[in-house]
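S.K.: Here is a sequence together with a model predicted from it:
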Amino acid sequence: MSYLIDKFIELIKWPLAIFMLLSLPAYIQSLYCFPFVTWRYMALLAGFFMFFIARSMMDSAVKANMEIIAHEMTHAFFAFITFHKVKGIRVEGDNSGGEMAFEGQGNWLIVIAPYFFPLFGLFYMIAFSVYTLFAPANLILNGVMGYFIGYHLDTVGSQIHEKQTDLPKVSYKFCAMFLPSANMWAIGSMLAFNSKGWNGVWTYQRLIAYLNDKNFNWFMDFIGQIF
């Protein structure tokens, strides 16, 4: 099963990269659709800044260790959902890096996942949903969401550098085409969840599809006027 999934993921690699590149304007436009001047988003913004305040006071070794663990856990998560058996996760004693071992050939999605997917953010969204089944939502929950958005942006930013060994495996060209929109998709989904929960996430996906269609029609009309 994992072999077939790996082959399919490899097959869609470049078509998906092109699609994500062409979708970048839609992701940028979508930011104008969020009601940022509300208490929920004010709380989210406060949590976002609280992360960077906490980060400035955090021991560098602890921060590095947390990033490595999150990085390898994200590799492992995508290995698991693409039907690979995860053998283990190892972190270097000097916090210089780590390694995740799994069975099978693997695919580019496993390699690139930590550079766009907010795994801890996903876990928090699930916990948020479970909590609100038994208690009403409050602004503290929105603030914690902002904290995880800050954590995601900081982690991704600190991991993308010239010495990173994962990025050349999928090619820098692919990363340049795929990662900007992929990260905006992740952040946009978390912002939408902050507003309306999982219904907000699905609405956000439909919004991106609508904006892509609108942009495509505008482009075709523009080309038609020229020729």
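M.R.: Arrived safely, thanks for sending. These numbers come from a predicted model, not from an experiment.
S.K.: Sketch out the strands for this structure, chain order is fine.
M.R.: 86-91, 98-102 (DSSP state E).
S.K.: Buried deepest among these, which one?
M.R.: Of the strands of the chain, the one with the most neighbours on average (mean count of other C-beta atoms under 10 Å) is strand 98-102, at a mean of 17. (Glycine included, C-beta is placed from N, CA and C.)
S.K.: returning to that earlier point: same list, the strands of the chain, but as CSV with mean pLDDT please.
M.R.: Putting those into CSV (pLDDT from 0 to 100) gives the following:
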stretch, mean pLDDT
strand 86-91, 80
strand 98-102, 78
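S.K.: now those as JSON lines including distance to N212?
M.R.: Converted to JSON lines, the strands of the chain look like this (distance: least, C-beta to C-beta, whole Å):
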{"stretch": "strand 86-91", "distance to N212": "35"}
{"stretch": "strand 98-102", "distance to N212": "34"}
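S.K.: So for P15, which of those sits nearest?
M.R.: With C-beta to C-beta as the criterion, P15 lies closest to strand 98-102 of the strands of the chain, at 25.3 Å.
S.K.: so what secondary structure elements neighbour the closest one?
M.R.: In terms of contacts (3 or more C-beta pairs under 8 Å, 6 or more residues apart in numbering; DSSP states H and E), strand 98-102 is packed against helix 60-81, strand 86-91.
S.K.: Dump the first one to PDB, restricted to CA.
M.R.: Looking back up the chat, that one is helix 60-81. C-alpha atoms of helix 60-81 as PDB (Å, rounded to 0.1, in the frame of the first residue of the first chain):
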ATOM      1  CA  SER A  60      18.600  28.300  23.400                       C
ATOM      2  CA  ALA A  61      19.300  24.600  24.000                       C
ATOM      3  CA  VAL A  62      15.700  24.000  25.100                       C
ATOM      4  CA  LYS A  63      14.400  25.900  22.000                       C
ATOM      5  CA  ALA A  64      16.600  23.900  19.700                       C
ATOM      6  CA  ASN A  65      15.600  20.600  21.300                       C
ATOM      7  CA  MET A  66      11.900  21.500  20.900                       C
ATOM      8  CA  GLU A  67      12.300  22.400  17.300                       C
ATOM      9  CA  ILE A  68      14.100  19.200  16.500                       C
ATOM     10  CA  ILE A  69      11.500  17.100  18.200                       C
ATOM     11  CA  ALA A  70       8.700  18.900  16.400                       C
ATOM     12  CA  HIS A  71      10.600  18.500  13.100                       C
ATOM     13  CA  GLU A  72      11.100  14.800  13.400                       C
ATOM     14  CA  MET A  73       7.500  14.200  14.800                       C
ATOM     15  CA  THR A  74       6.100  15.900  11.600                       C
ATOM     16  CA  HIS A  75       8.300  13.700   9.400                       C
ATOM     17  CA  ALA A  76       6.900  10.700  11.400                       C
ATOM     18  CA  PHE A  77       3.300  11.900  11.200                       C
ATOM     19  CA  PHE A  78       3.400  12.100   7.400                       C
ATOM     20  CA  ALA A  79       5.200   8.800   7.200                       C
ATOM     21  CA  PHE A  80       2.400   7.300   9.300                       C
ATOM     22  CA  ILE A  81      -0.500   8.800   7.200                       C
END
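S.K.: who touches the spatially most central residue of the chain in this structure?
M.R.: The centroid of the chain falls nearest to F117 when counting by C-alpha atoms, centre = their mean (2.9 Å). Applying C-beta atoms under 8 Å, 6 or more residues apart in numbering, we find F117 in contact with 74, 77-78, 182, 186.
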